[in-house]
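Novice: Here's a sequence, model it:
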Amino acid sequence: MEFDVQIKSGDLYDYMMRHTYNSPAGLLGSMVGALMVVVGLAKAYALFVILGLVLLVYLPYTLFLKSKRQSLNPVFQKPLHYRVDDEGITVSQDGVEETQKWGDMCKAVSTTKSIIVYTTKVNACIFPKRELKDQTAGLIQMIMTHMDASKIKIRQ
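Specialist: Down below sits the predicted model:
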C-alpha cells in the first residue's frame with residue numbers, strides 16, 4: 001500500500017503528548033502536579049495550588065510550542081510518501097528514500113488522531129488518520145501481520 005502524508009503541528013503535538021505522558025517522567029510530573037493541587041485545595045495552601053497548576057500546564061504548553069516550531073522544519077512542509085509492504089515501511093521525499101524493516105520496529109500504538117509506529121525509542125512514523133482515510137484499516141492489518149503482537153497497542 002502507498003499513500004502520502006502531510007504532517008501538521010497538531011499531528012506532532014498528538015505524538016509528543018502520547019510519547020511524553022506514557023513515560024515515567026511524564027506520569028510522575030502529572031501525579032505530583034495533581035497531588036499538589038489536591039493538597040493545596042484541602043489545606044488552603046495557595047502556593048501548592050499554583051505550583052501544581054504550573055506543573056500540570058507547563059508540559060502540555062511547552063509541547064504545543066515545540067510542535068509548532070518543529071512543524072516549520074522543511075521536512076514537514078511537503079508531503080511524505082510512504083510505501084508499506086512485506087519488507088517494512090519506506091518513506092521518501094524529494095528523491096531521498098529510507099526503509100525500516102518490520103523486525104527493527106520498536107512498537108506500534110494508536111491515539112484518537114494517529115497510528116504511530118516507533119522506529120526507535122524516540123523516533124516514529126506518524127500516520128494521521130485524517131490523511132489515511134479508508135487506508136487506516138489496511139495499515140493496521142499490515143502492522144498486525146508483520147510486528148510481534150507484544151509490540152502493538154492499537155485500538156481500532
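
Novice: Residue 34: what's it in contact with?
Specialist: Residue 34 makes contact with 52, 56, according to C-beta atoms under 8 Å, 6 or more residues apart in numbering. Glycine gets a C-beta too; all of them are placed from N, C-alpha and C.

Novice: Just the mean pLDDT for the helix or strand hosting it, thanks.
Specialist: For residue 34, the host element (DSSP states H and E) is helix 24-43. Helix 24-43 comes out with an average pLDDT of 87.

Novice: So for that helix, what gets flagged as buried?
Specialist: Neighbour-count burial for helix 24-43 flags 26, 29, 30, 33, 36, 37, 40 (criterion: 16 or more other C-beta atoms under 10 Å).

Novice: can you redo those as a markdown table with distance to residue 70?
Specialist: Listed next are the buried residues of helix 24-43 as a markdown table, based on distance: C-beta to C-beta, whole Å:
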| residue | distance to residue 70 |
| --- | --- |
| 26 | 18 |
| 29 | 21 |
| 30 | 22 |
| 33 | 24 |
| 36 | 30 |
| 37 | 30 |
| 40 | 34 |
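
Novice: of all those residues, which comes closest to residue 107?
Specialist: Set against residue 107, the nearest of the buried residues of helix 24-43 by C-beta to C-beta is residue 26 (16.3 Å).

Novice: ok, the spatially closest residue to the closest one that is not a sequence neighbour - contacts?
Specialist: In this structure, residue 26 finds its nearest non-sequential neighbour in residue 20, 4.2 Å apart by C-beta to C-beta, 6 or more residues apart in numbering. Neighbour list for residue 20: 26, 59, 63 [criterion: C-beta under 8 Å, 6+ apart].

Novice: Whichever strand or helix holds residue 20 to helix 24-43, inter-axis angle?
Specialist: Counting by DSSP H and E, the element that carries residue 20 is helix 9-21. Between helix 9-21 and helix 24-43, the angle comes out at 80 degrees (axes from the mean of the first three to the mean of the last three C-alpha atoms, to 10 degrees).

Novice: can I get the CA coordinates of helix 9-21 in PDB?
Specialist: C-alpha atoms of helix 9-21 as PDB (Å, rounded to 0.1, in the frame of the first residue of the first chain):
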ATOM      1  CA  SER A   9       1.700  20.700  14.000                       C
ATOM      2  CA  GLY A  10      -1.400  19.100  15.500                       C
ATOM      3  CA  ASP A  11      -0.100  15.700  14.500                       C
ATOM      4  CA  LEU A  12       3.300  16.400  16.100                       C
ATOM      5  CA  TYR A  13       1.600  17.600  19.200                       C
ATOM      6  CA  ASP A  14      -0.500  14.400  19.400                       C
ATOM      7  CA  TYR A  15       2.600  12.300  19.100                       C
ATOM      8  CA  MET A  16       4.600  14.300  21.600                       C
ATOM      9  CA  MET A  17       1.700  14.200  24.200                       C
ATOM     10  CA  ARG A  18       1.300  10.500  23.800                       C
ATOM     11  CA  HIS A  19       5.000   9.900  24.000                       C
ATOM     12  CA  THR A  20       5.600  12.100  27.000                       C
ATOM     13  CA  TYR A  21       2.600  11.100  29.100                       C
END
